[in-house]
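coordinates for the following, if possible.
(one chain, ligands or ions: 1)
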Amino acid sequence: MQLSDAIKKAKEELKRQRQNAQYEASFLLDSLLTHPDIKEAYTSLRLLEVHHIRNKHNRAVTASDEKNLILAQNKFNKVLKNRGISVDRLNPQYKCKNCFDTGYVAGKQCKCLTELIKDILYGEYLTVNKGRFEKSTEKLLKNRQCYQEAEEYCKAFPKIDKINFLIKGHTGVGKTFLADCIVNALRDRNVNVISVTAYELNKMFFDDFMSEGHKILMDVLINADVLVVDDLGKEPIYKKISLESLYSLLNERQLKEKSTIITTNLEASELLSRYGESILARIANKKTTHILVLTGEDKRLS
Ligand SMILES: [Zn+2]
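Numbering: from 1, shown residues only. Model (predicted):
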């Protein structure tokens, strides 16, 4: 899903929320007005209010008008209270008390709208991945050791020494499957994991680079506990957008000590020439990264 779609969806959701609150309030009022005492108190209050507004407009409000209005309001409150209802309940019960579910406060986007957009985006990345450690049929000893290292990491998370993974190997040796095993094992432990392909990630950078929403998107990606970027190297590179966005994402995550898991079939030298030194230092630093190399035949052909 593109960011613009997520924003649209969030605004629709907020509008629905707002209308629901209004509908519920008016439904409650309608049902209360079936009681004669409430109806009587409500009708006289409304009449006085209309009268008051008109007088105010004509600057002809008297002290007794004010007093009558307050009395009518008190009476209405009282008949409601007799039935155990607070007058506040007749106001729409908006979820957000800052923007009343409009999404904006003084022309600025409200936090609730930003959070909703993030939730929608995040939900999109919760794809169901197939890989599970217990389902692995890996036979090669070297690969099994990689699985073991990854499984131990998941069990220990977040108490880990090296926070990142770089999973390397040729096409078809099971890099994505291993990354999926990590994703599922961590999600079983309620860790917030976002899993995207490098292609999708690059497309997101590109589609929304100039928009205000880019910040929201980066926020979602930066703050996930674990970010998996599958198949780095397959995406087209647009120097300014792809590399700058990728660098800033990886750098922010490193500063926040958030785990990033990358799979690729590129060699270190290819990664270096494609992404440059500063990005390479953030994905292949042995001090912070488990570097796993899967070997063997292309499983998809066997
Ligand atoms: Zn709000």
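
got the buried residues for the helix or strand where Leu121 lies?
In the assignment (DSSP states H and E), Leu121 maps to helix 111-124. Under the neighbour-count criterion of 16 or more other C-beta atoms under 10 Å, helix 111-124 has Cys112, Leu113, Thr114, Leu116, Ile117, Lys118, Ile120, Leu121, Tyr122, Glu124 buried. C-beta here means a position set from N, CA and C on the backbone, and glycine is covered the same way.

mind listing the helices for the stretch 201-302 of the chain?
Taking DSSP state H, counting those that start in this stretch as the criterion, the stretch 201-302 of the chain carries its helices at 213-223, 244-255, 268-275, 277-283.

please save the CA atoms from the longest one in CSV.
The reference is to helix 244-255. Extracted C-alpha coordinates of helix 244-255, given in CSV (Å, rounded to 0.1, in the frame of the first residue of the first chain):
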residue,chain,number,x,y,z
GLU,A,244,19.8,8.8,0.9
SER,A,245,16.6,7.3,2.2
LEU,A,246,18.2,4.0,2.9
TYR,A,247,21.1,5.5,4.6
SER,A,248,19.0,7.7,6.8
LEU,A,249,16.7,4.8,7.7
LEU,A,250,19.6,2.5,8.6
ASN,A,251,21.5,5.2,10.5
GLU,A,252,18.5,6.2,12.6
ARG,A,253,17.8,2.6,13.4
GLN,A,254,21.4,2.1,14.4
LEU,A,255,21.3,5.2,16.7
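
any stretches of this protein with poor pLDDT?
Low-confidence segments of the chain (pLDDT under 70): 1-3, 124-129, 208-212, 301-302.

just the strands in the stretch 51-200 of the chain please.
With DSSP state E, counting those that start in this stretch, the ranges of strands along the stretch 51-200 of the chain come out as 104-105, 108-109, 164-168, 193-197.

of these, which is nearest Leu280?
With C-beta to C-beta as the criterion, Leu280 lies closest to strand 164-168 of those, at 9.9 Å.

buried residues in that closest one?
Of all the residues in strand 164-168, those buried under the rule 16+ other C-beta under 10 Å are Asn164, Phe165, Leu166, Ile167, Lys168.

give the contact list for the fourth one.
The reference is to Ile167. Cys146, Lys175, Leu178, Ala179, Ile261, Ile262, Thr263, Thr264, Leu292, Leu294 (C-beta atoms under 8 Å, 6 or more residues apart in numbering).
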